[in-house]
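**Q** predicted structure and sequence below. I'll ask about it afterward.
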Amino acid sequence: MRRSLQLVLLICFASVGVGAYAMQQVSVADFSNLRPGDPLPAQWEAVTVSSIHKHTQYTLVSMDGVTVLQADAQASMSGIARKLDVDPHVTPWLQWRWRIAQPNDQSDLHNAKGDDFPARLYVFFDFDIDRLPFFERLVVRITRAIYGDQLPLAALCYVWANNDPPGTTAWNPHTRRVRTIVASSGRDDAGKWVSVQRDVSSEYRNAFGEPVPHVTGVAVATDSDDTGVQSLAWYGDIVFTDQEQHLQ
């Protein structure tokens, strides 16, 4: 009897310990729990630019028995985004997997004419426009009038690049409010699922040199409007976590 009670107590304390140290996470995209062909959940909104009339098509499809998001860009540009409120001090690690049919050979991080990537993932941060210097505020307002109100004031943009190795960074050629970071690159992994995780908290500090505000949204985008090619990509589930994971 005494040994049985000790065993029960050990199990209870072990359970409490597991619960106390359970990984914290915030689900961003749970595509795998949806059905192929279904409409996207209501929290995902289309993001388009008023001057571009040909939009990338986003659909839920089955691949290897799992529902994923397919993006088909035919000399087109648009994205889908959802609003969030995520504290990157608590859950700084952004994890996802993606796959492309082939890289865009004309992609160029440093040139506006090459600002097309077969796969992008944006992270938007809370930033008050009044914090910007007067001239920069003016530039942002003019740019928004041209490209739309969705132009962020502070964002990280993870891309699947052409030749630049993972870890390469550059300011977006259209605005210095978006820092582009190469997460995957080249054609060696084309046609394969690639798992990615990035510490958005440290990468924001490195890019903007200031304390990290809350994450206000995430978007995915496959575009080819500048280069005029076809790009096909697939996106799996996306999640914020408090711990770095061992990716296979």
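**A** Noted; the coordinates are in hand.
**Q** so which helix or strand takes in the most centrally placed residue in the chain?
**A** The chain has Leu121 as the residue nearest its centroid, 2.7 Å off, counting by C-alpha atoms, centre = their mean. Using DSSP states H and E, Leu121 sits in strand 120-125.
**Q** can I get the CA coordinates of that strand in CSV?
**A** What follows is strand 120-125 as a C-alpha-only set of coordinates in CSV (Å, rounded to 0.1, in the frame of the first residue of the first chain):
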residue,chain,number,x,y,z
ARG,A,120,8.0,34.8,-48.7
LEU,A,121,6.9,35.0,-45.1
TYR,A,122,6.4,38.4,-43.5
VAL,A,123,6.3,39.2,-39.8
PHE,A,124,4.7,42.6,-39.0
PHE,A,125,5.5,44.6,-35.8
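**Q** burial measure for Gln243, as a count.
**A** Per other C-beta atoms under 10 Å, the neighbour tally for Gln243 reads 13. For every residue, glycine as well, the C-beta is placed using N, CA and C.
**Q** cool, and Arg35?
**A** Neighbour count of Arg35, defined by other C-beta under 10 Å: 8.
**Q** do Val194 as well
**A** Counted with other C-beta under 10 Å, the neighbours of Val194 add up to 19.
**Q** which regions of the chain lie under the pLDDT threshold?
**A** Within the chain, the stretches with pLDDT under 70 are 1-22, 50-51, 128-129, 134-152, 247-248.
**Q** now the strands for it?
**A** Taking DSSP state E, the strands of the chain run over residues 25-29, 45-47, 57-63, 66-74, 79-86, 93-100, 120-125, 155-161, 169-172, 175-185, 194-199, 215-221, 230-241.
**Q** closest to Gly114 out of those?
**A** strand 155-161 (10.0 Å; C-beta to C-beta).
**Q** quick one: contacts of that closest one?
**A** Residues outside strand 155-161 that contact it (C-beta atoms under 8 Å, 6 or more residues apart in numbering) are 98, 100, 103, 107, 109, 117-125, 168, 172, 177-186, 196, 198, 200, 203-204, 207, 233.
**Q** got the angle between it and strand 175-185?
**A** Per axes from the mean of the first three to the mean of the last three C-alpha atoms, to 10 degrees, the angle that strand 155-161 makes with strand 175-185 is 40 degrees.
**Q** before we move on, back to that, can you say which of the strands of the chain is packed in most?
**A** Compared across the strands of the chain, strand 155-161 shows the largest average neighbour count, a mean of 25 (mean count of other C-beta atoms under 10 Å).
**Q** ok, that one: who's next to it in the sheet?
**A** Applying DSSP bridges to the sheet, strand 155-161 is found paired with strand 120-125 (antiparallel), strand 175-185 (parallel).
**Q** just to revisit the earlier point, beta partners of the closest residue to the residue nearest to the centre of the chain other than its chain neighbours?
**A** Spatial nearest neighbour of Leu121, chain neighbours left out: Tyr158 (4.6 Å); criterion: C-beta to C-beta, 6 or more residues apart in numbering. In this structure, Tyr158 bridges to Leu121, Ile181 when assessed by DSSP bridges.
**Q** distance check, Tyr158 against Ala183.
**A** Using C-beta to C-beta, to the nearest Å, we find Tyr158 at a distance of 4 Å from Ala183.
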